[in-house]
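Asks: With the input below, show me the fold.
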Amino acid sequence: MAPVASPRILEKPVLLVQDRGGDSAALRLLSAERSEEIFPILLEEIVKIGFPRALVLEVDFENGDVKATASLNCDRNEVEKFHTSLWARDNPIMAVLQRLSPGVLPNPTGKGTSFYAYPMIYRSRTRCWEAERERREDCLAVQNARLSRHLPLEGQICSACGMRAYATLLLAQLGKDTPPARLDQLRNLAERANSYLARLFKIEHYFNRMRDMEVTISRLSVVMQSMADPVIFTDDQHRVVIQNRAAERFFRVPEGIGDGGRRAVELNNLLFSAALSSMMVSGKDTSRDLTLVDVMEGEEVLFEAVCAPTQSSDGTRTGMVTVMRDVTDLRRADMEVRANLDKLRIAEEIVRQERDRLNLVIENVGDPIVVADNSAKIVLLDSLAKELFGIAEGSKHPQVMKNLAKLDAYLTAFTFSFADKDNRSLRLYNPSSQAEVEYAARSGKIYDARGQVSYTVTVLRDFTAWRKLEQLQMERRMLEIEKFAATGKLAGTIAHEINNPMEAIKNAIHILGEKVEPESKQIYDVLKSETERVTRIVRQMLGLYRNVVQFDSFDINGVVEDTLTLFARPLAKAGIVVDKRLGELPPFKGSGDQFRQLLSNLVVNSRDSMASGGKLVIRTRGTRSVDGLRRWISLSVADTGCGISREIQKSMFEPFVTTKGGKGTGLGLWIVKGIVENHTGRIRVRSALGKGTVINLVFPIST
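Replies: Residues are numbered from 1 along each chain as shown. Next up is the predicted model:
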């Protein structure tokens, strides 16, 4: 069996077995279909004719390496010894390649016989197709075939077809006595293999070029078809060679179209040909407006046809490339620009009116206003500011000039500071009152698009008016306090006067208790309990004035039950559904009467807020802290009423604040707040207009 060579370098020697049968070397080389198959066949034939080892060194023109790409009966270490580069000029391998003539190389291992080196380079006596067509003499294959010319290995690129050539070195190990006939046989094999290799190499080059051209054409076709604008390639006779789908919409008759559509396509082709002919004749125009008919929509479309000629290598015009841009939207945009121009004029008029309105507001704002630019120079003053700084009449009064100096110093300091706003007091001379007045100067900055200060605006507010207003508010507050004190005294007096007859009524009821019939006993008990409740309320009124409260343990859930029983009929009459969620609570030390009063006020307020009916939820529950040392009782009253505004929420627990108009006294929630504070509790309110109110009361329990 004959040894088989492959491009892979063999790590171990392969035993050569002669095979006299089979095809001849020429037929085997001729049967190779790819350039990669030449070297394995060549190495096998060389071993057959009596050379013990053979390998092929190939030049890589990309990085300049010279290394073995195929070997037979050579181990890896021996092959690595032949590795070199194009720039190793003193290497015997490079000497043979540069001379392009065979030679004997010593064994790089220093042992055994030497190697016979035969250079193989891309060469042929026939010019390539490009050089033949253009009648050029610079074909690389022909130049390499002229042995008298030694081209540098670094320049092995054909200037006609652009193909990068190959350069290899065939090495065969010589025996102790190698006859010259065997060397001639080796050279003949190498020349025959080189001729076949050059042919296959050229075929593969053209095949790769053809494949690359097909890929390029495919990509260009995809790009052309993906373009939204119509693109048309025409020959020198204005006949369409290729067009994309966007162009077919105007120049190709679709299936199922009527006679009108066919005439539209004919008209489009006629107009397009006329435009191309006109541009060809003029020789200057590269674009022209062209109006075509959309075959599918039946509408006219305005295009700008941009043309560019295609030329051959010798400069002969071969056709035209036309790209048509739809400028219909530009025409619409032009109309929109005109319409926007009219709108801009209207907007300018609105801005002028707004400016006049702003000037009117500035003149009537009631406070001096000063506008300065980015250099602290005054650019605008209202009438009051002009009077204050003497600019209106050009006054030279010393005090007015002093005002202007203070203003300039203040504006300069603020304009060149890093603050966006500033509040400062200025004492200025007022020409009207002929006295110094303290003003509150409130200033702000206006920035341009680049973030630089454009203008500063300063408003001077007279502190004198503020102080008068504060004094009036204080006087009003004192009147309210005095009114509340008088009301407290009056309530205490009335409660004291009512307390005496209530004691007489209680005594009378006690005496009647022995004479009440059994069937009237229930009514008598109600009369007795309510009388006692009135007595407690009177005492509570006295307590509000005297601030004396007696605390005992009581059941908060029982207070809730009693209060809801008392208001059951009014709530049902108002269409209000009561939802009780009472949890288990420990006894609470406090005033049960005050809690009844507290809960009654909250229930009445919820009822009044639900004029059209709704839902009232009362919930109690006990909570304990994580460490178990603190306990609380929570009492929540929630309704679906009209809610409380944010402004009222800020003062809802103050006296005489009411949302019921003349129907309320404004003391209910104030009393609730006092009772909660007496029991060291907290109040939380959540309310929204139209959604309802939730009042949550939390009281601590001492363990």
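Asks: For the one helix or strand F233 maps to, enumerate the helices and strands it packs against.
Replies: Assessed by DSSP states H and E, F233 sits inside strand 231-235. Contact partners of strand 231-235 among helices and strands, from 3 or more CB pairs under 8 Å, 6 or more residues apart in numbering; DSSP states H and E: strand 240-243, helix 245-251, strand 317-326. (Glycine included, C-beta is placed from N, CA and C.)
Asks: Residues contacting it, please?
Replies: Residues outside strand 231-235 that contact it (CB atoms under 8 Å, 6 or more residues apart in numbering) are 224, 240-244, 246-247, 251, 272, 276, 310, 318-324.
Asks: Any of those buried? List them.
Replies: Of the members of the contacts of strand 231-235, the ones counted as buried by neighbours, 16 or more other CB atoms under 10 Å, are 224, 240, 243-244, 246-247, 251, 272, 276, 319-320, 322-324.
Asks: end-to-end on stretch 570-579?
Replies: Stretch 570-579 stretches 15 Å from its first residue to its last (CA to CA, to the nearest Å).
Asks: Where do the strands of the stretch 401-550 of the chain begin and end?
Replies: Listed in chain order, the strands of the stretch 401-550 of the chain (DSSP state E, counting those that start in this stretch) span 421-430, 435-447, 453-462.
Asks: So which of those strands is nearest S195?
Replies: Across the strands of the stretch 401-550 of the chain, S195 has its closest neighbour in strand 435-447 (82.8 Å, CB to CB).
Asks: what angle do that closest one and strand 421-430 make?
Replies: 150 degrees (axes from the mean of the first three to the mean of the last three CA atoms, to 10 degrees).
Asks: Now do strand 435-447, average pLDDT.
Replies: For strand 435-447, mean pLDDT rounds to 85.
Asks: What of stretch 133-141?
Replies: For stretch 133-141, the mean per-residue pLDDT is 80.
Asks: Give me the buried positions along that stretch.
Replies: By neighbour count with 16+ other CB under 10 Å, stretch 133-141 contains the buried residues 139-141.
Asks: Could you do stretch 167-176 as well?
Replies: Applying a neighbour-count criterion of 16+ other CB under 10 Å, the buried positions in stretch 167-176 are 167-174.
Asks: what do you get for stretch 281-299?
Replies: 287-288, 290, 292-293, 295.
Asks: same check, this time on stretch 193-205
Replies: For stretch 193-205, burial by neighbour count (16+ other CB under 10 Å) applies to 193-194, 196-198, 200-202, 205.
Asks: Need the helices and strands packed on strand 231-235 in TSV (columns: distance to E214 and mean pLDDT).
Replies: Formatted as TSV, those follow (distance: least, CB to CB, whole Å; pLDDT from 0 to 100):
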stretch	distance to E214	mean pLDDT
strand 240-243	15	85
helix 245-251	21	84
strand 317-326	20	85
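Asks: Ok, which of those comes nearest W87?
Replies: strand 317-326 (46.0 Å).
Asks: quick revisit: keep only those of the buried residues of stretch 167-176 that are in strands.
Replies: Residues of the buried residues of stretch 167-176 located in strands (DSSP state E): 167-173.
Asks: check contacts around the residue of the chain positioned farthest from its centre.
Replies: Taking CA atoms, centre = their mean, the residue of the chain most remote from its mean C-alpha position is K515, at 88.7 Å. Going by CB under 8 Å, 6+ apart, K515 touches no other residue.
Asks: Phi first, then psi, for it.
Replies: With angles defined as degrees, to the nearest 10, K515 sits at phi -110, psi 10.
Asks: And the pLDDT at it?
Replies: Reading off the model, K515 has pLDDT 74.
Asks: same thing with L460?
Replies: Note on L460: pLDDT of 84.
Asks: What about the buried residues of stretch 133-141, which are in helices?
Replies: Using DSSP state H, 140-141 are the members of these that sit in helices.
Asks: which one among the buried residues of stretch 133-141 gets closest to K589?
Replies: L140 (113.7 Å).
Asks: Please tell me how far the closest one sits from C161.
Replies: To C161, L140 is 8 Å away according to CB to CB, to the nearest Å.
Asks: Overlap in contacts, those two.
Replies: With CB under 8 Å, 6+ apart as the test, L140 and C161 both reach C128.
Asks: And the helices in the stretch 551-700 of the chain, which stretches?
Replies: 556-566, 568-573, 592-609, 646-649, 668-678 (DSSP state H, counting those that start in this stretch).
Asks: got a markdown table for these, with distance to F699 and mean pLDDT too?
Replies: As requested, the helices of the stretch 551-700 of the chain are exported to a markdown table (distance: least, CB to CB, whole Å; pLDDT from 0 to 100):
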| stretch | distance to F699 | mean pLDDT |
| --- | --- | --- |
| helix 556-566 | 9 | 86 |
| helix 568-573 | 25 | 87 |
| helix 592-609 | 10 | 86 |
| helix 646-649 | 22 | 83 |
| helix 668-678 | 8 | 84 |
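Asks: just these: most buried one?
Replies: Counting by mean count of other CB atoms under 10 Å, helix 592-609 has the highest mean neighbour count of those, with a mean of 21.
Asks: Compute the distance from the centre of that one to the centre of its chain.
Replies: On the basis of CA atoms, centre = their mean, to the nearest Å, helix 592-609 sits 54 Å off its chain's mean C-alpha point.
Asks: which other helices and strands contact that helix?
Replies: Here helix 592-609 touches helix 521-546, strand 552-554, helix 556-566, helix 568-573, strand 614-624, strand 631-639, helix 668-678, strand 692-701, going by 3+ CB pairs under 8 Å, 6+ apart.
Asks: For the shortest one, which residues meet the burial criterion?
Replies: The neighbour-count check on strand 552-554 (16+ other CB under 10 Å) flags F554 as buried.
Asks: could you give me the average pLDDT of it?
Replies: In the prediction, strand 552-554 has an average pLDDT of 84.
Asks: Could you spell out the sheet neighbours of that strand, each with its direction?
Replies: Sheet pairing of strand 552-554 (DSSP bridges) gives strand 588-590 (antiparallel).
Asks: ok, and what's touching the strand it pairs with?
Replies: Residues outside strand 588-590 that contact it (CB under 8 Å, 6+ apart) are 551-556, 633, 678-679, 699, 701-702.
Asks: ok, back up a step: distance to D448, secondary structure and pLDDT added to the buried residues of stretch 281-299, as a markdown table?
Replies: Converted to a markdown table, those look like this (distance: CB to CB, whole Å; DSSP: H, G, I helix; E, B strand; the rest coil; pLDDT from 0 to 100):
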| residue | distance to D448 | secondary structure | pLDDT |
| --- | --- | --- | --- |
| S287 | 42 | strand | 77 |
| R288 | 46 | strand | 80 |
| L290 | 47 | strand | 83 |
| L292 | 49 | strand | 87 |
| V293 | 52 | strand | 84 |
| V295 | 54 | coil | 80 |
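Asks: Looking at those residues, spot the one nearest R476.
Replies: R476 lies nearest to S287 out of the buried residues of stretch 281-299, by CB to CB, at 82.6 Å.
Asks: mind checking how far the closest one is from F588?
Replies: Note on S287: its distance to F588, by CB to CB, is 95 Å.
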